[in-house]
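Asker: Predicted model follows, preceded by the sequence.
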Amino acid sequence: MPVSSEPAPPPWHYISKLVCIGDSGCGKSSLTIRLCEGRFVNSHDVTIGVEFGSRIVPVGPPANAALHINDPSSAPIGGMSGPTSPGPQRKAKGDQEQKKMKLSLWDTAGQETYKSITRSYFRGASGALLVFDITRRSTFESATGWLNDLRQIAEDDIVVILVGNKSDLADKAGDNRRAVTREEAEEWCKREGVMRYVETSAKSGEGVERAFLEVAERVYQNIEAGKYDLNDRRSGVKGYGTGGGREAGAPQKTVTLGLNDAMKSGQRGAGGGCC
């Protein structure tokens, strides 16, 4: 049987460092576990310093066109909206290779005790999910402080989205615990220059993959625009084969998100569930 001389395609084309930030108890660890392992943990020990996870996701055409991610011509999906709109989408060619990005997720501690440690992990991040608990208004009010800390340390063009977690508890019939309205969160994004507002549930998984895909797609657009030096070790984004192997302390557990899974996730939008 003849052996193909063509080299095997790389498992991913880019790797991007993302940080999950926000007050303790908002579900940052649960979101990371849901994305990386596809499961929900009902109880989780308080994160000390930082924990890690990773996942490979499709970026660019044709996946972004199918999901309408960052497409200004499409209506918001899953209750997401944003103050900024990217440039027009390029039409996908039938034989166009689907690019893939490995998301290196750094789940940071939310307790004040560990803030001096947490801030050090902001350096070199290309994207951030700023998480609050929809049922606890104090966690939303803390978002401005977290954003200011992030912008003081991270790169100027870091991609940030606001994530309202525990959406199932927010609109549960007969037991509505929502303490922050969608309109308030969207207005905050406009005021603070944050790209998107997304509502998620780590318990059901609704909106979780979509939130991370939003960040990944905008990071990919920045790569295409030449905003990162993929050979610079200080950059939050690297090309395949340019990083010299796995970084010390980087995620070891990887789950591949296929295009079909991503499309199904995008079509569901945001909904119920918890944490």
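Answerer: That came through, no problem. Residues are numbered from 1 along each chain as shown.

Asker: going forward, measure contacts between C-alpha atoms and count neighbours the same way
Answerer: Will do.

Asker: Show me what the longest helix anywhere in the chain is packed up against.
Answerer: For the chain, the helix reaching the highest residue count under DSSP state H is reported as helix 208-224. If you count contacts as 3 or more CA pairs under 8 Å, 6 or more residues apart in numbering; DSSP states H and E, helix 208-224 packs onto helix 28-37, strand 50-59, strand 127-133, strand 159-165, helix 259-268.

Asker: Quick one: these as JSON lines, columns for distance to residue 237, mean pLDDT and mean neighbour count too.
Answerer: What follows is the helices and strands packed on helix 208-224, written out as JSON lines (distance: least, CA to CA, whole Å; pLDDT from 0 to 100; neighbours: other CA atoms under 10 Å):
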{"stretch": "helix 28-37", "distance to residue 237": "19", "mean pLDDT": "89", "mean neighbour count": "24"}
{"stretch": "strand 50-59", "distance to residue 237": "14", "mean pLDDT": "88", "mean neighbour count": "22"}
{"stretch": "strand 127-133", "distance to residue 237": "10", "mean pLDDT": "96", "mean neighbour count": "27"}
{"stretch": "strand 159-165", "distance to residue 237": "12", "mean pLDDT": "97", "mean neighbour count": "26"}
{"stretch": "helix 259-268", "distance to residue 237": "22", "mean pLDDT": "38", "mean neighbour count": "16"}
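
Asker: Now render the ones you listed as TSV, adding distance to residue 65.
Answerer: Putting the helices and strands packed on helix 208-224 into TSV (distance: least, CA to CA, whole Å) gives the following:
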stretch	distance to residue 65
helix 28-37	22
strand 50-59	10
strand 127-133	21
strand 159-165	20
helix 259-268	10
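
Asker: Compare the ones you listed and give me the one nearest residue 179.
Answerer: Between residue 179 and the helices and strands packed on helix 208-224, the tightest spacing by CA to CA is seen for strand 127-133, at 8.8 Å.

Asker: Could you check the angle the helix or strand where residue 18 lies makes with strand 127-133?
Answerer: Residue 18 is part of strand 14-21, with elements assigned from DSSP states H and E. Our comparison of strand 14-21 with strand 127-133, counting by axes from the mean of the first three to the mean of the last three CA atoms, to 10 degrees, yields an angle of 30 degrees.

Asker: And strand 14-21, what's buried?
Answerer: Using 16 or more other CA atoms under 10 Å as the burial criterion, the residues of strand 14-21 that qualify are 14, 15, 16, 17, 18, 19, 20, 21.

Asker: which one of the helices and strands packed on helix 208-224 lies closest to residue 218?
Answerer: Taking CA to CA as the criterion, strand 159-165 is the member of those that comes nearest to residue 218, at 7.0 Å.

Asker: Quick check: neighbours of the closest one in the sheet, parallel or antiparallel?
Answerer: Strand 159-165 pairs in its sheet with strand 127-133 (parallel), strand 196-199 (parallel), by DSSP bridges.

Asker: Would you mind giving the ones you listed as CSV with distance to residue 219 added?
Answerer: Supplementary listing: these in CSV, determined by distance: least, CA to CA, whole Å:
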stretch, distance to residue 219
strand 127-133, 7
strand 196-199, 13
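
Asker: for these, which one sits closest to residue 100?
Answerer: Judged by CA to CA, the one of the strands paired with strand 159-165 that comes nearest to residue 100 is strand 127-133, at 16.1 Å.

Asker: Thanks again, I'm all set now.
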